[in-house]
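1. Okay, here's the prediction I keep looking at, along with the sequence it came from:
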Amino acid sequence: MFPVSHFNQTTTPFYYYDKTVLNNTLAKLTRLAGERDYHIHYAVKANANPAILRLIAASGVGADCVSGGEIKAALEAGFPAKKIVFAGVGKADWEIEYALDNKIFCFNVESAEELAVIEELAKKKESIASIALRVNPNIDAHTHEYITTGLTENKFGIPVEMLDGVFSQIQNYPHIQLIGLHFHIGSQILNMEAFAALCKRINRLQDELSKQNIQVKHINVGGGLGVDYDDPDKNPIPDFESYFNVFQHNLNLRGGQQLHFELGRSIVCQCGSLITKVLYVKKSLTKQFVIVDAGMTDLIRPALYQAYHRIENITSDMEKRLYDVVGPICESSDCFGKDVMLNATQRGDLIAIRSAGAYGEIMASQYNCRALPRHLIE
């Protein structure tokens, strides 16, 4: 799977991206979405590597952005402005103005306060801002608390109980055009019942809105579909079909309504691996530590979320032994995995940390004055 001979010519640590896996994922995603007339927006926050963005843009999907910088990156990669949605609880004035100037498809508005600012800025530009209201449905996605977004205790979206006031507010804003409702309940969700619950909540909300003669053209259900971190080779492409079927069978779209998705992790996660070199194998009284040259600066998910990634020694075929795989950062949390079974490991071996295409390179930092990781795309 890994072109190890090429790796020896690349300074570690680096991200390796498999274009075949990415293209196969995109092909299946766009085929299944096309069969159902669903609209996909790639969540740029998952991975904004310019080469990766260009490949995704070429597939014909749109972009889901959460900053002005992401909008700029998406446009430069070839995503058409008419397929860009802009979300986020803290849109700065310049970001809103940049989005208005580029005539993006839609703002996903997260509060009444934000709505007032968009009206003010659109008025100054004598333009109309198309918006979807992000509704907080108070649904537990049963995932890590840091990546749950659909509960009332989270900072995201407008509580259902406050929607009437926001609808009234829109009536007084001539530079706002309400075109949709937006929902997103969290990330790395594998239990399809969470998405079914979201569908039921949307159905009830639309029934209530119909009584007020309110109907929108677009329903955006966000993303959140999880991937198989345990066995990326067995399941390199997420189960898009079951995911889409949940919405097809449970969501009651109204006549002419379009359904939008904002998928990120499920598109790019399995195509990427972090490749790192073993610096030392350190023996203590009770453990053996494999100390690698990558750290939490290169892949923060294990330290931040206690996230699991499959770890493999790709240059050893010796019998397996038990190790803790750690990085060089001066933090005890700089650990990629404890009690990991690896083929017997020695200084100079190459280690692959799998399923790192999402929230890996994009979240890298220069803590400890370290260089940002390189990348190799083949």
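-> Everything's here; your move.
2. Does Leu133 belong to a helix, a strand or coil?
-> strand (DSSP: H, G, I helix; E, B strand; the rest coil).
3. could you list every residue that touches it?
-> Val109, Ile158, Leu163, Val166, Leu178, Gly180, Leu181, His182 (C-beta atoms under 8 Å, 6 or more residues apart in numbering). Where you see a C-beta, it was placed from the backbone N, CA and C, and this is true even at glycine.
4. now the residues you listed in CSV, with neighbour count and pLDDT?
-> Listed next are the contacts of Leu133 as CSV, based on neighbours: other C-beta atoms under 10 Å; pLDDT from 0 to 100:
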residue, neighbour count, pLDDT
Val109, 27, 96
Ile158, 21, 91
Leu163, 20, 91
Val166, 16, 94
Leu178, 20, 98
Gly180, 21, 97
Leu181, 23, 97
His182, 26, 96
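5. With distance to Arg310 and secondary structure as added columns, please give those residues in a markdown table.
-> As requested, these are exported to a markdown table (distance: C-beta to C-beta, whole Å; DSSP: H, G, I helix; E, B strand; the rest coil):
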| residue | distance to Arg310 | secondary structure |
| --- | --- | --- |
| Val109 | 39 | strand |
| Ile158 | 39 | strand |
| Leu163 | 43 | helix |
| Val166 | 44 | helix |
| Leu178 | 44 | strand |
| Gly180 | 38 | strand |
| Leu181 | 38 | strand |
| His182 | 33 | strand |
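6. Those into a markdown table, with extra columns for distance to Ala74?
-> A markdown table is the format used below for the contacts of Leu133 (distance: C-beta to C-beta, whole Å):
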| residue | distance to Ala74 |
| --- | --- |
| Val109 | 19 |
| Ile158 | 25 |
| Leu163 | 29 |
| Val166 | 27 |
| Leu178 | 24 |
| Gly180 | 19 |
| Leu181 | 23 |
| His182 | 18 |
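7. got the residue ranges for the strands in the stretch 151-300 of the chain?
-> Per DSSP state E, counting those that start in this stretch, the stretch 151-300 of the chain carries strands over the ranges 158-159, 176-182, 218-220, 258-263, 272-283, 288-292.
8. Sheet partners, orientation included, of the third one?
-> As defined by DSSP bridges, the strand partners of strand 218-220 come to strand 176-182 (parallel), strand 258-263 (parallel).
9. need the longest helix for this protein.
-> helix 192-211 (DSSP state H).
10. Show me what counts as buried in that one.
-> Met192, Ala194, Phe195, Ala197, Leu198, Cys199, Arg201, Ile202, Leu205, Gln206, Leu209 (16 or more other C-beta atoms under 10 Å).
11. contact partners of it?
-> With C-beta under 8 Å, 6+ apart, helix 192-211 has contacts from 135, 137, 139-142, 150, 160, 181, 183, 185-186, 189, 215, 219, 221, 224, 242-243, 246-247, 250-252, 254.
12. And the buried residues of helix 192-211, which two are furthest apart?
-> Spatial extent of the buried residues of helix 192-211 (C-beta to C-beta) is set by the pair Met192 and Leu209 at 25.6 Å.
13. Phe183 contacts Asn138, doesn't it?
-> No - using C-beta atoms under 8 Å, Phe183 is not in contact with Asn138, being 10.9 Å away.
14. so who does Leu163 touch?
-> Each residue near Leu163 by C-beta under 8 Å, 6+ apart is listed here: Leu133, Val135.
15. which one is Asn235 nearest to, not counting chain neighbours?
-> Once flanking residues are discounted, Asn235 sits nearest to Asp228: 3.8 Å by C-beta to C-beta, 6 or more residues apart in numbering.
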